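Trainee: Have a look at this prediction, sequence included:
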Amino acid sequence: GGIVGGDNASITSGGGLNAFFIESAKVYAKGDIHIRDDIRNSSVSSGGAIDATSGKGRIIGGTVTALKYIKANETGSPAGVKTNIIIGVNAEQAERKEKIMQRLEEFRHQKAKIDIILVRFKNKNCNAEIPKEMRFKLDKLVKQRRSIVQMEAKLNEYMVELHKKEIDEAGHPPSLTINRMVFAGTRVTIKGSFMDVETDMPGKTRFFLDRRNQVTFNNN
């Protein structure tokens, strides 16, 4: 059957996913996604590959993301509907990385505040005996900072692991292959580099990264 989304509706699969169509829905699958006909005005993400070539195979509007590759018969529409195709990104891992980056930024601000207090107190009291109550507060701040540094180190290690996992999962250079037509209004993004399609591109077209890591294409 097909998948039709509603208000705030989303579907998550721990494995692969097969459907006739997806419309106005938010879908994530850890494995490969196979769609026969249309992906229309949806947010679709795969931790593997997306193949929409067995039927109509059209991706119209919305954002479609896959780690390995995406194959379809058409992207966009004659009306120039904005359609975002993203390859080389694991959406689930990207979300984790974004949260980690936010947490690391919070740690950076916390350390800066603690350092300001410690430096200010040291400059004012370098030759004075520190009261017991104040020593307790300063020791507490030092321990807090040390704890933040340890948590930072763990998060940075996890970031490295995520990066290695992305490389291992990809296995080969990410690409987009369209069999019939890439309509103007399609944006192709591969590992952060993007190309906006400004004129219709008929025929079979494959998008990939060149040696400079810029999006390029060839027509067969």
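Mentor: Thanks, I have it.

Trainee: Tell me the spacing between residue 198 and residue 76.
Mentor: Computed as C-beta to C-beta, to the nearest Å, the residue 198 to residue 76 distance reads 11 Å. All C-beta atoms are positioned from the backbone trio N, CA, C, and that covers glycine.

Trainee: Which one of those two is surrounded by more residues?
Mentor: Neighbour tally, residue 198 and residue 76, criterion other C-beta atoms under 10 Å: the higher count belongs to residue 76, 25 against 10.

Trainee: joint contacts of residue 198 and residue 76?
Mentor: Between them, residue 198 and residue 76 share these contacting residues under C-beta atoms under 8 Å, 6 or more residues apart in numbering: residue 184.

Trainee: so what secondary structure elements neighbour the longest helix along the chain?
Mentor: Of all the segments assigned as helix in the chain under DSSP state H, the longest by residue count is helix 132-170. The criterion is 3 or more C-beta pairs under 8 Å, 6 or more residues apart in numbering; DSSP states H and E, and the helices and strands that helix 132-170 contacts are helix 91-124.

Trainee: mean confidence for the helix it packs on?
Mentor: Averaging pLDDT along helix 91-124 yields 85.

Trainee: now for that helix, which elements pack on it?
Mentor: Of the remaining helices and strands, those touching helix 91-124 by 3+ C-beta pairs under 8 Å, 6+ apart are strand 38-46, helix 132-170.

Trainee: hmm, try it at 7 Å
Mentor: Using 3 or more C-beta pairs under 7 Å, 6 or more residues apart in numbering; DSSP states H and E, the elements in contact with helix 91-124 are helix 132-170.

Trainee: relative to helix 91-124, how tilted is the helix it packs on?
Mentor: 150 degrees (axes from the mean of the first three to the mean of the last three C-alpha atoms, to 10 degrees).

Trainee: how does this protein divide into domains?
Mentor: Residue ranges of the domains in the chain are recorded as 3-88+174-219, 92-170, according to automatic domain parsing.

Trainee: ok, residue 28 - how many residues close by?
Mentor: Per other C-beta under 10 Å, the neighbour tally for residue 28 reads 20.

Trainee: Quick check: bridge partners of it?
Mentor: With DSSP bridges as the criterion, residue 28 is bridged to residue 12, residue 45.

Trainee: In this model residue 43 seems to touch it, though I could be wrong.
Mentor: No: between residue 28 and residue 43 no contact is recorded; they are 8.5 Å apart, counting by C-beta atoms under 7 Å.

Trainee: I'd like the next helix or strand past the longest helix of the chain.
Mentor: Beyond helix 132-170 in the direction of the C-terminus, DSSP states H and E gives the next helix or strand as strand 175-182.
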